[in-house]
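*Asks:* Quick one, fold the following:
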Amino acid sequence: LKLYRMTRSGDEKIYEVVTADREVIASIALKPARRHSIECAAIRACDVLSTDAGLLIAAIDRSPAARARLRAMLCDHVERLVDHVELLSADRAELRVACYLLDAFRDNGSRGTFRLPSTKRQIASYLSLQPETLSRCLKSLRQAGILRSRAREIEILDAARLEAMVDGSGRLDQGG
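*Replies:* Numbering: from 1, shown residues only. Below you'll find the predicted structure:
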């Protein structure tokens, strides 16, 4: 699922891509009056369980365990949003892409090859980049020998250099 909203200019701004292994709950779903509309769309066919916010709140009011679980989920959600804001604060597109790929690599258990969870266009939106900019960054990482890619398949060839880029001690133009 992709969670997004439409900007004033009519562009789609993705702020989260949710995979099948995670629940989706946002504090915004529990708020009846909303300033900004949040949309949700399936990236590929899936089953979605939805409930009325009032019913959910009533169940949470009756169950200390449900309150604790909701609190933990909201804390995780806030942490992901803070990470996203930090990612977007990187002024260089190359760094945003490197951070995103390193996170995806780690989420995959630091195994060399993984599949991107969504299209490059959607990832570019998530990173607040133009798709062409994302493609150029991936090309630079390929030319530097840090990764290999084919469509949505990514193979990290030099995780140490990717990590060095993210922590600020390395650049693409430095050899491995």
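
*Asks:* Show the backbone phi and psi for the residue lying farthest from the centre of the chain.
*Replies:* What lies farthest from the middle of the chain is Arg62; by C-alpha atoms, centre = their mean that is 33.0 Å. When read as degrees, to the nearest 10, the backbone of Arg62 gives phi -90, psi -10.

*Asks:* Use 21 as the first number for this chain going forward.
*Replies:* With 21 as the first residue, the last one maps to Arg82.

*Asks:* pLDDT score assigned to Asp193?
*Replies:* As predicted, Asp193 sits at a pLDDT of 53.

*Asks:* Now find how far off-centre the longest helix anywhere in the chain is within its chain.
*Replies:* In the chain, taking DSSP state H as the definition, the longest helix is helix 84-108. How far helix 84-108 lies from its chain's middle: 14 Å, per C-alpha atoms, centre = their mean, to the nearest Å.

*Asks:* what do you get for stretch 135-149?
*Replies:* 8 Å.

*Asks:* just the helices in the chain please.
*Replies:* 73-82, 84-108, 113-127, 140-146, 151-163, 179-187.

*Asks:* Between the ones you listed, which one is closest to Glu59.
*Replies:* Among those, helix 140-146 comes nearest to Glu59, with 12.5 Å by C-beta to C-beta. To be clear about C-beta, it is placed using only N, CA and C from the backbone, and glycine gets the same treatment.

*Asks:* What residues of stretch 168-181 count as buried?
*Replies:* 169, 174, 176, 178-179, 181 (16 or more other C-beta atoms under 10 Å).

*Asks:* Give the rounded mean pLDDT of it.
*Replies:* If you average the pLDDT over stretch 168-181, you get 91.

*Asks:* Buried by neighbour count: which residues of stretch 21-34 qualify?
*Replies:* Judged by neighbour count (16+ other C-beta under 10 Å), stretch 21-34 contains these buried residues: 21-24, 34.

*Asks:* Those in strands, which ones?
*Replies:* Of the buried residues of stretch 21-34, the ones assigned to strands by DSSP state E are 22-24, 34.

*Asks:* which one of the residues you listed sits closest to Thr71?
*Replies:* The closest of these to Thr71 turns out to be Leu23 (C-beta to C-beta; 16.9 Å).

*Asks:* Next up, the contacts around that closest one.
*Replies:* Leu23 makes contact with 34-38, 44, 46, 58-60, according to C-beta atoms under 8 Å, 6 or more residues apart in numbering.

*Asks:* Could you rerun that using 7 Å?
*Replies:* Counting by C-beta atoms under 7 Å, 6 or more residues apart in numbering, Leu23 touches 35-36, 38, 58, 60.

*Asks:* which one of those sits closest to Leu121?
*Replies:* Nearest to Leu121 among these is Glu36, at 17.3 Å by C-beta to C-beta.
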